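K.L.:
structural data only, the sequence is not supplied:
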Ligand SMILES: [Zn+2]
């Protein structure tokens, strides 16, 4: 799918609403009131009615689009831009492409889409062999925004990064390499080992094998996973044991810096969610847009 196909397939508001309805039905409609999953579609009203209690669910309710005023097609076009562009797109550029008057509504819509991306990836835990390390991302502090541009307004934010990585041996050459699969990046609110343990238990399957450096914050990780293997942090470890986390960290920094000049600490997780969401779906080129609409059709009640 590219922009030309998009314009052909979604020429107006109705085609987008109709597609979104199908995506929601693919995800499954669940009644907020009684939890029943059987519904009837009320055609003229764009609502589903619960077959148990008659409670009605609107096209957007329960999704990240709920309460948003922008037309569904604006959301669809935004999702199209976000999934077609390899690196990402700034809210400023998005506003220009839409020819929309208000920056704020475009900006908050994009954050809602990132939120849906993050929630989608949070449904899964990583498993198997996992590389883990911490990275420091530059963020703008609240006080910094009051200062003039370029005057010491930046701070480092601690982020823990996980990468599923499976060792492979080439049967012809006998050469060993590692294959990477899924990634996660989570902002840490502090540097305590409790925070690390909590993040590990939420994001990694308990039967996993985790590789880290010898940082003292990782002291209790073994309690949350099957095996915890530590290695001294040096150039060799960076290239082998923790290869994929380091590649992902430098790519994320380059991507984020290239598009967003100043990221406020409270939004960093959203940008990382978008980065990981795309990275985890790097092989789904042609149906990335379709999957993103499905992620937005998900309800969280
Ligand atoms: Zn019901």
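P.N.:
Received the coordinates, thanks. These numbers were taken from a predicted model, which means no experiment stands behind them.
K.L.:
for the closest residue in space to residue 136 that isn't next to it in sequence, give its distance to residue 43.
P.N.:
In space, and not counting its chain neighbours, residue 136 is closest to residue 156: 4.1 Å by C-beta to C-beta, 6 or more residues apart in numbering. Placement of C-beta: from N, CA and C, glycine included. Per C-beta to C-beta, to the nearest Å, residue 156 is found 54 Å from residue 43.
K.L.:
between these two, tell me which one has more neighbours.
P.N.:
residue 156 (11 against 7; other C-beta atoms under 10 Å).
K.L.:
can you tell me the SS state at that one?
P.N.:
strand (DSSP: H, G, I helix; E, B strand; the rest coil).
K.L.:
quick one: contacts for it?
P.N.:
Residue 156 makes contact with 136-139 under the criterion C-beta atoms under 8 Å, 6 or more residues apart in numbering.
K.L.:
average model confidence for stretch 63-75?
P.N.:
When pLDDT is averaged over stretch 63-75, the result is 95.
K.L.:
how about residues contacting it?
P.N.:
10, 12-13, 16-17, 20, 24, 59-60, 98, 100, 105, 109, 112-113, 115-116, 119, 296-299.
K.L.:
give me the number of residues near the closest residue to residue 297 other than its chain neighbours?
P.N.:
Closest residue to residue 297 apart from its sequence neighbours, by C-beta to C-beta, 6+ apart: residue 23 at 3.9 Å. By the criterion of other C-beta under 10 Å, residue 23 has 19 neighbours.
K.L.:
distance check, residue 23 against the ion.
P.N.:
Distance of residue 23 to the ion, computed by C-beta to the ion, to the nearest Å: 21 Å.
K.L.:
ok, now residue 298?
P.N.:
19 Å.
K.L.:
neighbours of the residue lying closest to that residue once chain neighbours are set aside, how many?
P.N.:
Spatial nearest neighbour of residue 298, chain neighbours left out: residue 27 (5.4 Å); criterion: C-beta to C-beta, 6+ apart. Using other C-beta under 10 Å, residue 27 has 16 neighbouring residues.
K.L.:
ok, residue 27 touching residue 297?
P.N.:
Yes. Using C-beta atoms under 8 Å, residue 27 makes contact with residue 297 at a distance of 4.7 Å.
K.L.:
low-scoring stretches of the stretch 151-300 of the chain, by residue?
P.N.:
Low-confidence segments of the stretch 151-300 of the chain, defined by pLDDT under 70: 151-153.
K.L.:
so the residue in it that the ion sits nearest to, which of the three states?
P.N.:
Minimum separation of the stretch 151-300 of the chain from the ion (C-beta to the ion) falls at residue 299, amounting to 13.3 Å. When classified by three-state DSSP, residue 299 comes out as coil.
K.L.:
any idea how far residue 289 lies from residue 167?
P.N.:
Computed with C-beta to C-beta, the distance linking residue 289 and residue 167 is 34 Å.
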